[in-house]
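**Q** Curious how this folds, go ahead:
(chains A, B, C, D, E and F, ligands or ions: 12)
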Amino acid sequence: MKFLTEYRDPEVVESYVGELHKITTRPWTIMEVCGGQTHSLVKNGLLDLLPENVRMVHGPGCPVCVTPVHLIDKAVYLAEEKGVIMCSFGDMIRVPGSRKSLLEAKAGGADVRILYSPLEAVKIAQQHPDREVVFFAVGFETTAPANALSVVHAQRLGLTNYSILASHVLVPPAIDAVMNDEDVRIQGFLAAGHVCTIMGISEYYGLVEKHKIPMVVTGFEPVDLLQGILMTVRQLEAGRATLENQYSRVVPAEGNPEAQRVIQQVFEVTDREWRGIGTIPHSGLEVRPELAAFDANRKFSVSIPKVPECVDCIAGQVLKGIKKPYECSQFGKKCTPENPLGAPMVSSEGACAAYFHFSGVGL
Amino acid sequence: MKFLTEYRDPEVVESYVGELHKITTRPWTIMEVCGGQTHSLVKNGLLDLLPENVRMVHGPGCPVCVTPVHLIDKAVYLAEEKGVIMCSFGDMIRVPGSRKSLLEAKAGGADVRILYSPLEAVKIAQQHPDREVVFFAVGFETTAPANALSVVHAQRLGLTNYSILASHVLVPPAIDAVMNDEDVRIQGFLAAGHVCTIMGISEYYGLVEKHKIPMVVTGFEPVDLLQGILMTVRQLEAGRATLENQYSRVVPAEGNPEAQRVIQQVFEVTDREWRGIGTIPHSGLEVRPELAAFDANRKFSVSIPKVPECVDCIAGQVLKGIKKPYECSQFGKKCTPENPLGAPMVSSEGACAAYFHFSGVGL
Amino acid sequence: MCLAIPGKIKSIDYQYNGAVKMAKILFGGITKEASLEMVPHAEIGDYVLVHVGVAISVVNEEEAQKTFRYLEEIGELDELVEASQIDRHDGPGLDQ
Amino acid sequence: MCLAIPGKIKSIDYQYNGAVKMAKILFGGITKEASLEMVPHAEIGDYVLVHVGVAISVVNEEEAQKTFRYLEEIGELDELVEASQIDRHDGPGLDQ
Amino acid sequence: MPQLDFDVITLGHGSGGILTSKLLAAGVFDLLKNPLLDTHHDGAVFELSGPLAFSTDSYVISPIFFPGGNIGELAVNGTVNDLAMCGAVPKYLSLSFIIEEGLPMSEFWEILVAIKFAAERAGVSIVTGDTKVVEKGKGDKIFINTSGIGQVHPQAKISTTYIQPGDKLIVSGYVATHGIAIMSVREGLDFETDLVSDTVNLNHAVKSLLDEFGSAIHLLRDPTRGGVATVLNEIARDCSLGIDIMQEQIPVLDDVAGACELLGLDPLYVANEGIFLALVAADVADQVLTKLRETDVGKQAAIIGEVVPEHPAQVVLTSRIGGKRVVNMLVGEQLPRIC
Amino acid sequence: MPQLDFDVITLGHGSGGILTSKLLAAGVFDLLKNPLLDTHHDGAVFELSGPLAFSTDSYVISPIFFPGGNIGELAVNGTVNDLAMCGAVPKYLSLSFIIEEGLPMSEFWEILVAIKFAAERAGVSIVTGDTKVVEKGKGDKIFINTSGIGQVHPQAKISTTYIQPGDKLIVSGYVATHGIAIMSVREGLDFETDLVSDTVNLNHAVKSLLDEFGSAIHLLRDPTRGGVATVLNEIARDCSLGIDIMQEQIPVLDDVAGACELLGLDPLYVANEGIFLALVAADVADQVLTKLRETDVGKQAAIIGEVVPEHPAQVVLTSRIGGKRVVNMLVGEQLPRIC
Ligand code: SF4
Ligand code: SF4
Ligand SMILES: [Mg+2]
Ligand SMILES: [Mg+2]
Ligand SMILES: [Mg+2]
Ligand SMILES: [Mg+2]
Ligand SMILES: [Mg+2]
Ligand SMILES: [Mg+2]
Ligand SMILES: [Mg+2]
Ligand SMILES: [Mg+2]
Ligand SMILES: [Mg+2]
Ligand SMILES: [Mg+2]
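**A** Numbering: from 1, shown residues only, chains lettered A, B, ... in the order given. Ligands and ions are numbered 1, 2, ... in the order given. Sure, this is the predicted structure:
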């Protein structure tokens, strides 16, 4: 497949790995923000190829993992008690709420559907005019245009039975929050390529300057990641801290103006709670008040008690890169992908699950 | 079981059979009006024991058999298109409408439930306040109090989601209609014991006088039937034509006043179509207009085309006793209990089905 | 039509705040609930005829015996007189 | 986050009375529908990056080659001068 | 019950992955263990020499727990009995579950335990199995298939071709008990009764008859779905002879008779478990009956009819009052009647 | 298709009465006829001598008709293949249906025809069966259980205990084809592809390997649910050795690779039909591969890994780019990912 296969070429990989080994003289700690990058690093065995001195830390970039427990509880409630058709992505429905996941709600008889796209949910709403259809719209900036588009489509079709339960988070405030934590020892960032495809790269200049840290907008294939790491290490070794763009084939500096427009049209920025991290100011998107009819949060009055997160789970520290998953006392013991205690064990994007799946417990 | 077992005593049966053989001198044709009696005659092998000169003819007394096709079509429509929980008795749901039976609608996904009692349907309505529950209330006078009571119960509970689709027929007008047919050669009647339990026997005096025909209110057990037949034959042999009550242990002359009252409260007399026979004036019950909220006929606006009955089926003649089921060209051929062409093949009460089941085709 | 069988009242209770009289009724070992609203005077121990969950008649034990004496009676009757038309209101045909 | 992969536009059609531009997109042999609303200028034959049913970017073929020349370039660069800070608006770090 | 991580069965338990594996390892394999039990899903291997009998049945009963048992023991007994009806000594069973998402793990466990004990009572080993999980609303709590292999008894000569006029028809116990016990707990029909299903394995009783009477046992059948009437019709059709039965002789419990009266059902068409019909040579019929009555499962056994040359392929019943009628096969489901 | 009175299957067809009988007589028995086919529901009797293999599986696939096949042929091939994986020559199958009310008779017929041809291709006889019908909403169109008996090949010595370090791992064909073909028609995920399921019987190919290489074939497994990854983990666990696999060598169709990229799935965890894994002695591995490639079902066969003494009970993959990672068992269902 063009634009994929060539970025997996073993020879190119070898030359990048060689160069990386050649230039790395000291230990460096780099965070890849995005769970997709984590996934690719472990799935392709890349971690195995990096110099020992290059230590990768897995960031909070898994939207299903950082979705707050009470929103999952709300989705479960809507599915179980309000009888809505609750739609979402496959990895979202396995994330545990305080009582159960959407998958367990489904096991209990709720109508929960796994979709490839929010636009499919609009079709379902069209097919079932007598039912309420809710799309559990999780995601970072990358997914926001698609979720916003689903609202635009529903509006265009005059549907009154479609709404989204938005759990949208934004990357730059999260990077800022990570770096503001005094325990954090991150020296460089791979910024998330697909987020920047939408938003462009300008948001990151301020972060680079504020935290004096190199940042490279990076893609997802092995060669992309190696190049991104190499560019970061080169900066680190040279004592520089700038913003670079490894992933220019799909990330123009200005991002995607159409996508930004539709996001603006449907969403507005809000403070947002991140599971395992806490509330980060201006780090989320919510549906604009004028579109309240499409906002499941406003459409359905649901009051569910807020439940504290699991005390054993050190997800917050894992998501901030302070600890590795295997440093958690529950990792691979009480907490496994079949029975996750915390969010990062849930999606195969999650840092804990990625370690569990691809590295093997204890490896 | 007391009041059942003793009426199946082979010795008592033998003495009645003996007496019947003794007194029968000429051929007599007697109609048992009620399908329950037909059932008992064939199931117990009684027909095998009667004198050859006593010929029993099976009457129209099977309420599910005489329910008009368009009412079944309506029940199917309500179940399939209006999404109601359609409840009825086990034998009713197998009766074919013009397109399908309720059993077939159920096979197609409609919510059709088989109940022992209409009072159970009220409970279902209570349990499913969000669903419409309809009881397909078929029956003769015997069943009318139970169906009426279900409306009274629903009213008492303040239910707004319960209604009945009434298909109630009355026996005396049917007997009159049978006797008015010039082809009919019936010489005596066993009147239906359980109908008279409700209504008493006074309605039958007029019929006896008008048609100069003996009539005996008869029960359902072998000894009951033999006594009823004996009483009829005694009248015939003696040239008498009076009304007698064989079944006095449960049929008081006045019937059941409480039951009559609840029937009055919920129903009023109306003209009624009988499947296979046609419309008989004043032969049915419908829900009173003041209870329209409980009348599925008024509650749901349904307009379904009236479909003509099957041309090969001679159900009308069978139900009037003009022909025996095996005289029908389709009996046991195209028309079988698995695939009935006409109503009398449907319920095991039905004259055609009773013959098919218990006598064996061609016996 | 109208499958109805006799069963013995085992217990009585009231539903809908006392408005509806219900009974547990024994049929050869099994017990089924039925409404007594149509037979308000029925008592525990009585046999009632039940049709689709509603008791419609209390079985009259005395009348029940007549069937077993009928053949005897008509034998005697035949010996005495030729039976005459039984009239509308109190002939043996109605009362037996 | 954000699984997105590049596919080639096979055909384009319009839905909702022409209001929505949709495409059939080829991914290694399979075809999946995606919205082109976010990439209005994309043409048949273009490669677009698709995420949850929405094309979010047209792949820039020229930029795509840079990754394969990067090691060479930095080799040459290293030989020439010690790399200086790349400035905010037009440094090679942003453009490549 | 072992400590399992889940309260209910989820789709993951049928995915073939680690949840399936854990469920099997902690539950099924541990409970049912025997040297042959295939623990890697493909199949079991064992030594066995023919002639062999092979039978299968799927169990879809609702409710899955009923008075006197549950679907698990039913599934074991059913296939054990079908093998016994072939004149075989049942040896090995397969066990396949189709579970609806959401089945409480505790119910699954109770079913497994019932399976274990039923297999032990019957003396069979469960050697291979399968577990599938379907979405909520695409199953009905649990369906079970068992298939079984048995070794045909060396003295057995069981076939409709051996049936002769004069053969006596024996029923091993009360008729219609199981079907009525199930119906007693169905929504909309339920009634109170002490009745319990008589599901039980019949293989030991059958073996003792074959040991003693061998080829004098001409046919064995368990009249399950469709009831006695349907099975007798099948036999009459297959051997082209008539069968006469006597209503008076057919053992029926009072509770069953009462429920049949109430619902308008005929016990001859009600489903059975735990009983069988045998057609045996007339000269040994009384001895067979005596022997059968000595077994646990045959205390109520009775001779209820015989094979006759008249009315071939038809079953004729002489009613309690002496009338005769033809008994046909069941048409459709038996549904309770209003009239 | 024979003339049947009904357009759809109703509860009556599973009642055991006359409708069941008619359906069987007009449909099943007529189509599948063979001298052993048990036509009276209890079981089949035949001569067969051990060692025997016995296997069962229930098929609950949705949709029941999918690109390249239907649930009927899947059910036959599945059990045939499980027997073949035991090193056996499949002989007799049982066939048990659980049908949801309302299944069109024409679809049932199409499934029956597929069963007939699949059994013929595999050279097995269907000798006993069962048909149950459940209410609408209590099943999912049709579930099928097949159980099977085979005779273990005289040269076969198949067991995890024979696995040694150095054994080569062969896969007989493209990985993940079946699972992705099914997914291509699932609501909410559907995509266009020419991909068809590769469901097929593997017994003839397996027999030809056993004929020639006998005990050099140490293990056979068909990586169905849970995919290649799960089966390899089970094997590694059972033999307490490590397994190394090479991503580069694993045959995957372009369409399958594309769909996996799009949905975020790993082909190693996707369900397969129509392929098997073999662990064979290193010295014959190339010959086995050559032989396998000569068969209809093995044209794409490849050596994809080997058994190693390191990392016992673990499966380690060397990725296309040369990195290593552990391959775990599947957890839960594989669901498409957003990220
Ligand atoms: S291993 Fe589990 S408990 Fe520990 S941090 Fe990760 S998710 Fe939380
Ligand atoms: S046998 Fe069938 S077609 Fe003939 S009269 Fe009876 S119901 Fe009608
Ligand atoms: Mg297998
Ligand atoms: Mg069987
Ligand atoms: Mg028990
Ligand atoms: Mg059976
Ligand atoms: Mg299996
Ligand atoms: Mg059987
Ligand atoms: Mg198997
Ligand atoms: Mg095919
Ligand atoms: Mg299998
Ligand atoms: Mg069976």
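
**Q** okay, CA-based contacts and neighbour counts for the rest of this
**A** Fine.

**Q** other SSEs contacting the top strand by length along chain C?
**A** Ranked by residue count, the top strand of chain C under DSSP state E comes out as strand C:4-15. Contacts defined by 3 or more CA pairs under 8 Å, 6 or more residues apart in numbering or on different chains; DSSP states H and E place strand C:4-15 against strand C:20-27, strand C:47-51, helix E:254-263.

**Q** Kindly present those as CSV, with separate columns for mean neighbour count, mean pLDDT and distance to ligand 8.
**A** Listed next are the helices and strands packed on strand C:4-15 as CSV, based on neighbours: other CA atoms under 10 Å in any protein chain shown; pLDDT from 0 to 100; distance: least, CA to the ion, whole Å:
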stretch, mean neighbour count, mean pLDDT, distance to ligand 8
strand C:20-27, 23, 94, 31
strand C:47-51, 26, 96, 36
helix E:254-263, 23, 93, 22
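
**Q** quick one: which of the ones you listed is nearest B:Gly83?
**A** helix E:254-263 (27.8 Å; CA to CA).

**Q** quick one on the thing from earlier: contacts for the longest strand of chain C?
**A** With contacts defined as CA atoms under 8 Å, 6 or more residues apart in numbering or on different chains, strand C:4-15 is touched by B:2-4, B:194, C:20-28, C:43-52, C:59, E:261-262, E:339.

**Q** Determine the number of other residues adjacent to the residue in chain A that chain F sits nearest to.
**A** For chain A, the residue closest to chain F is A:Gly45, as judged by CA to the nearest CA, at 4.0 Å. Burial of A:Gly45 is recorded as 24 neighbouring residues (other CA atoms under 10 Å in any protein chain shown).

**Q** and it, what is it in contact with?
**A** Neighbours of A:Gly45 in contact, by CA under 8 Å, 6+ apart: F:Thr318, F:Ser319, F:Ile321, F:Gly322, F:Gly323, F:Lys324, F:Arg325.

**Q** Excluding covalently adjacent residues, which one is nearest to it?
**A** Spatial nearest neighbour of A:Gly45, excluding adjacent residues (CA to CA, 6 or more residues apart in numbering or on different chains): F:Gly323 at 4.0 Å.

**Q** where are the low-confidence patches of chain C?
**A** The model of chain C has pLDDT under 70 over residues C:1, C:78-96.

**Q** so which residue of it comes closest to ligand 10?
**A** Residue nearest to ligand 10 within chain C: C:Val52 (53.4 Å; CA to the ion).

**Q** quick one: the residue nearest to E:Val45 when sequence neighbours are not counted and chain C, what's the gap?
**A** Using CA to CA, 6+ apart and skipping residues adjacent in sequence, the residue nearest E:Val45 is F:Ala53, 4.3 Å away. According to CA to the nearest CA, to the nearest Å, F:Ala53 and chain C sit 49 Å apart.

**Q** Quick check: bridge partners of F:Ala53?
**A** E:Val45, F:Gly150 (DSSP bridges).

**Q** And it, what's its pLDDT?
**A** Here, the pLDDT recorded for F:Ala53 equals 96.

**Q** Which strands or helices does the longest helix seen in chain E pack on?
**A** Ranked by residue count under DSSP state H, the longest helix found in chain E is helix E:105-122. Helix E:105-122 sits against helix E:29-32, helix E:71-85, with contacts defined as 3+ CA pairs under 8 Å, 6+ apart.

**Q** can you list contacts of it?
**A** Under the contact criterion CA under 8 Å, 6+ apart, helix E:105-122 has outside partners E:1, E:6-9, E:27-28, E:31-32, E:70-73, E:75-77, E:80, E:90, E:125-126, E:201, E:203-204.

**Q** ok so, going back, could you double-check that the residue of chain C closest to ligand 10 lies in contact with B:Thr143?
**A** Yes. Judged on CA atoms under 8 Å, C:Val52 makes contact with B:Thr143 at a distance of 7.4 Å.

**Q** More neighbours: the two, which one.
**A** B:Thr143 (32 against 29).

**Q** So that one is in contact with C:Cys2, correct?
**A** Yes. Taking CA under 8 Å as the definition, B:Thr143 is a contact partner of C:Cys2 at 6.9 Å.
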